[in-house]
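>>> Test case, fold it:
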Amino acid sequence: MTTTTLAVLVPLLPFLGAAAGLLLGRTAPGYVRPLAVLPTLAAFVLAVVVAVDQGGGKSIDASRRLTPTGSVPVDLALHLDGFAVLVAVLVGLVATCVQLYSTGYLRDDPRYPSYAALVSLFTSAMLLVVYSGDLMLLLVGWEIMGICSYFLVGHYWETPEARAASLKAFLVTKLGDVPFLIGLFALATDAGTFRITGVVQAALTGGIDHPTLIALLLLAGVAGKSAQFPLHTWLPDAMAGPTPVSALIHAATMVAAGIYFVARLLPVFAASAAALTVLAVMAAVTMVGSALAALAQDDIKRVLAYSTIGQLGYMSGALAVGDRGAAVFHLLSHGAFKALLFLAAGVIIHAAGTNSLSAMSRMDGLAKRIPDAYWTMTVALLALAAIPPFAGFFSKEAVLSAAEHTALGHSTVAPQGTGWIVLIAGLLTALLTAAYATRLWLMAFRGKGAPAPDHGRQPVAMNAVLWVLAIPSIGFGLTTGYLDDWFDGHALTPALTTSVLSTGVALVGGLVTYATWRHTSALAARTPIGAVAAHPEADGGLVEEEAIASHTPAYGDIASAYDPADPGRLLLGPLHRHAVTGFHLDAVYRTLFVRPVLAAASLVRFLDREVVETYVQGAGALPRWLGAAVRKAQTGNVQTYLSALLAGSAVLALVAVVLANANAGS
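Model (predicted):
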């Protein structure tokens with residue numbers, strides 16, 4: 001088979017697996033798990049073959065005209081370059097691990113067949129986005145992922161949290177997709193084509209007439225899909241879905257799509273210095289704000305969710321300084337260790353048999369009970385904190401090095417100011433990332449919460465997947481010298497200055513958090529829990545606010561919600577009350593958008609009921625009254641009818657005589 005034929009099969013196989021899984025889910029349940037795992041595994045293997053065949057050399061393009069449109073044509077087109085084939089390998093690897101993991105995690109779930117089919121469809125849609133050479137074909141995969149995320153996040157639809165989270169994810173991402181769609185059509189109109197290669201060529205030759213407007217419209221969709229400020233609020237709430245879904249969304253699909261889209265069309269954004277500056281500011285606010293919020297969360301999955309937002313901010317920052325190689329490199333590295341983090345968190349939750357253990361303040365004695373999750377999560381947290389020689393160090397260093405390069409005025413693509421914005425925010429975020437990663441590890445595996453019941457060993461598939469993902473989390477960064485061809489020949493080796501700075505601030509963040517934890521643990525040992533429960537004002541009365549923010553019913557009582565050994569409270573100080581709620585952005589949205597819409601809906605309902613309906617009822621009342629009057633005349637008595645007929649005839653005769661006399665007199 002040719003490379004293009006194999007590339008067509010990569011997204012097609014999971015799609016066929018999804019269709020077969022839905023059809024056979026009830027009639028032949030024994031085939032559900034093989035249909036979930038094997039097509040995805042085959043797609044992963046084919047993606048590796050395509051990557052090897054492409055070899056990081058010249059891009060491979062193939063297209064077929066879909067239909068004549070009369071204006072801008074739409075093609076079924078593939079575009080395989082180094083970025084596309086590597087991202088496809090990541091998607092295939094993570095999706096296969098998620099499907100294998102889910103066979104154990106959801107083995108008793110009655111809705112597993114539909115879940116597995118949706119995961120396969122989700123995977124197929126992302127692979128379509130990755131390999132697509134036409135913007136309309138890319139848009140199809142983009143929107144399919146949106147609807148898949150809605151159903152998967154709401155998998156536990158019996159709970160109000162899952163229903164609200166799925167609806168919020170759908171609406172917030174659609175809010176960004178509206179300007180995104182307008183931007184796509186405007187871009188195709190300026191470039192005269194939907195083909196990505198044609199659009200890029202038009203941008204490089206100055207053929208885009210409205211680069212700033214188009215770039216800003218597209219960035220709105222990217223902010224929604226990739227959870228960037230200010231459209232990031234759906235991602236922490238999406239943790240109400242199954243943990244494997246969280247791993248898939250955060251590591252290889254959905255949120256990665258926006259970053260990949262900007263990387264593919266970077267010349268379009270680079271044509272506008274204003275757009276790059278907006279992207280840099282958006283990335284900086286996202287990085288720092290999400291890291292502060294992660295440091296305040298008690299729910300382990302919400303910590304990881306805010307962590308994803310921050311790491312996506314690093315990728316956006318790399319794109320803002322015009323280095324798509326660094327952005328995609330961090331996308332690949334982050335995909336491996338973030339999938340590992342979520343799946344390890346799933347093992348923790350599965351071991352307790354309840355989602356309430358996702359509250360880190362309640363964890364105790366887990367390191368010995370789940371050693372596989374303990375060791376692999378430790379590896380992933382070291383990669384997240386960018387400690388050498390783990391993968392996160394090399395990819396994050398590539399971003400910071402690119403920012404330094406631009407800040408010193410060596411870039412011909414991005415304004416110098418964007419480099420300083422990304423570099424300063426990136427170093428501050430590196431400090432905070434190491435702090436919340438250390439805090440998570442200490443509270444999850446060294447905490448003194450209430451021991452959870454032991455629900456036995458986890459299925460082998462769940463633990464095996466963790467070790468598979470631990471391999472790239474440890475060693476992927478060491479491949480920098482061997483994958484340069486796949487990254488446009490761009491060397492991603494660490495630079496001395498940013499390496500020392502980023503590693504230094506990371507070590508400071510980790511050590512300060514550890515020292516703070518030792519201090520708060522000593523204080524907690526001398527403070528009775530009952531004293532905390534009796535004096536909630538010691539926490540500023542914020543326990544209820546945290547309970548609402550975390551969407552976790554387990555936070556109902558003050559004694560367990562307030563953990564005096566939590567170093568995050570001491571580190572953040574007065575900022576904690578704001579960080580724990582994501583800096584009240586949801587409250588701002590409720591005030592600016594939700595309440596006015598509800599008020600308008602109430603007004604429309606009042607007008608419809610009290611005004612429009614009154615006129616409608618009045619218009620029907622007159623005929624109804626006339627009908628009632630006529631109905632009274634219908635007695636059914638023949639004598640009455642004859643009498644009325646004779647009386648009417650007499651009246652008509654009298655009228656005729658009067659009219660005749662009047663005419664004769666005139």
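
>>> where along the stretch 151-300 of the chain do the helices fall?
Taking DSSP state H, counting those that start in this stretch, the helices of the stretch 151-300 of the chain run over residues 160-191, 196-204, 211-225, 234-237, 243-251, 255-264, 266-270, 273-296, 300-320.

>>> Could you list the low-confidence segments of the stretch 351-500 of the chain?
Residue ranges of the stretch 351-500 of the chain with pLDDT under 70: 352-358, 365, 449-457.

>>> which residues in it form helices?
Using DSSP H, counting those that start in this stretch, helices in the stretch 351-500 of the chain cover 366-369, 371-384, 391-407, 416-445, 460-475, 496-525.

>>> need those in JSON lines with mean neighbour count and distance to residue 200, can you?
C-beta here means a position set from N, CA and C on the backbone, and glycine is covered the same way. Shown next, in JSON lines, are these (neighbours: other CB atoms under 10 Å; distance: least, CB to CB, whole Å):
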{"stretch": "helix 366-369", "mean neighbour count": "16", "distance to residue 200": "49"}
{"stretch": "helix 371-384", "mean neighbour count": "23", "distance to residue 200": "32"}
{"stretch": "helix 391-407", "mean neighbour count": "27", "distance to residue 200": "20"}
{"stretch": "helix 416-445", "mean neighbour count": "24", "distance to residue 200": "21"}
{"stretch": "helix 460-475", "mean neighbour count": "20", "distance to residue 200": "29"}
{"stretch": "helix 496-525", "mean neighbour count": "17", "distance to residue 200": "29"}
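
>>> could you dump the helices of the stretch 151-300 of the chain to JSON lines with distance to residue 7, mean neighbour count and mean pLDDT?
What follows is those, written out as JSON lines (distance: least, CB to CB, whole Å; neighbours: other CB atoms under 10 Å; pLDDT from 0 to 100):
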{"stretch": "helix 160-191", "distance to residue 7": "23", "mean neighbour count": "19", "mean pLDDT": "93"}
{"stretch": "helix 196-204", "distance to residue 7": "15", "mean neighbour count": "19", "mean pLDDT": "95"}
{"stretch": "helix 211-225", "distance to residue 7": "23", "mean neighbour count": "23", "mean pLDDT": "96"}
{"stretch": "helix 234-237", "distance to residue 7": "30", "mean neighbour count": "26", "mean pLDDT": "93"}
{"stretch": "helix 243-251", "distance to residue 7": "21", "mean neighbour count": "29", "mean pLDDT": "94"}
{"stretch": "helix 255-264", "distance to residue 7": "16", "mean neighbour count": "25", "mean pLDDT": "96"}
{"stretch": "helix 266-270", "distance to residue 7": "22", "mean neighbour count": "23", "mean pLDDT": "96"}
{"stretch": "helix 273-296", "distance to residue 7": "30", "mean neighbour count": "24", "mean pLDDT": "96"}
{"stretch": "helix 300-320", "distance to residue 7": "24", "mean neighbour count": "28", "mean pLDDT": "96"}
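
>>> Identify whichever of those helices lies nearest to residue 487.
Among the helices of the stretch 151-300 of the chain, helix 255-264 comes nearest to residue 487, with 10.6 Å by CB to CB.

>>> now the angle from that closest one to helix 160-191?
Between helix 255-264 and helix 160-191, the angle comes out at 10 degrees (axes from the mean of the first three to the mean of the last three CA atoms, to 10 degrees).

>>> any idea how far helix 255-264 is from the chain center?
Centroid separation for helix 255-264 versus its chain: 12 Å, with CA atoms, centre = their mean, to the nearest Å.

>>> Packing partners of that helix?
Judged by 3 or more CB pairs under 8 Å, 6 or more residues apart in numbering; DSSP states H and E, helix 255-264 is in contact with helix 82-105, helix 112-131, helix 135-153, helix 211-225, helix 300-320, helix 324-352.

>>> Wait, residue 325 touches residue 486, no?
No - Residue 325 is beyond contact range of residue 486, at 9.0 Å (criterion: CB atoms under 8 Å).

>>> Can you tell me the closest non-neighbouring residue to residue 224?
In space, and not counting its chain neighbours, residue 224 is closest to residue 176: 2.4 Å by CB to CB, 6 or more residues apart in numbering.

>>> Contact partners for the one you found?
Going by CB atoms under 8 Å, 6 or more residues apart in numbering, residue 176 touches 220, 221, 222, 223, 224, 225, 231.

>>> same check, this time on residue 586
Applying CB under 8 Å, 6+ apart to residue 586 gives the contacts residue 233.

>>> What strand or helix carries it?
helix 585-589 (DSSP states H and E).

>>> do the same with residue 4
Using DSSP H and E, the element containing residue 4 is helix 3-24.

>>> buried stuff in that helix?
3-4, 6-15, 17-18, 20-22, 24 (16 or more other CB atoms under 10 Å).

>>> could you dump the helices of the stretch 351-500 of the chain to TSV with distance to residue 601?
Output for these, formatted as TSV (distance: least, CB to CB, whole Å):
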stretch	distance to residue 601
helix 366-369	47
helix 371-384	43
helix 391-407	44
helix 416-445	40
helix 460-475	45
helix 496-525	46
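
>>> now the helix holding residue 4 against helix 135-153, angle please.
30 degrees.

>>> which strands and helices sit next to helix 3-24?
helix 32-54, strand 60-67, strand 74-80, helix 82-105, helix 112-131.

>>> what about the nearest residue to residue 523 once chain neighbours are set aside, which helix or strand?
Excluding the flanking residues, the one nearest residue 523 by CB to CB, 6+ apart is residue 564, at 6.3 Å. Per DSSP H and E, residue 564 falls between elements, in no helix or strand.

>>> Can you give me the distance of residue 564 to residue 10?
Shown here: residue 564 relative to residue 10, a distance of 52 Å by CB to CB, to the nearest Å.

>>> And for residue 190?
Distance, residue 190 to residue 10, by CB to CB: 31 Å.

>>> And residue 288, by the same measure?
According to CB to CB, residue 288 stands 37 Å off from residue 10.

>>> do residue 646 as well
93 Å.

>>> Residue 394 too?
27 Å.

>>> which residues sit in contact with residue 488?
With CB under 8 Å, 6+ apart, residue 488 has these contacts: 82, 324, 325.

>>> Between these, which sits nearest residue 576?
Nearest to residue 576 among the contacts of residue 488, with distances taken as CB to CB, is residue 324, at 36.6 Å.

>>> Please name the spatially closest residue to the closest one (chain neighbours excluded).
Spatial nearest neighbour of residue 324, chain neighbours left out: residue 263 (4.1 Å); criterion: CB to CB, 6+ apart.

>>> now swap in residue 339 and tell me
Nearest-residue entry for residue 339: residue 251, 3.7 Å, with adjacent residues in sequence omitted and distances by CB to CB, 6+ apart.

>>> Sketch out the low-pLDDT regions of the stretch 501-650 of the chain for me.
For the stretch 501-650 of the chain, the stretches with pLDDT under 70 are 527-563, 632-633, 635.
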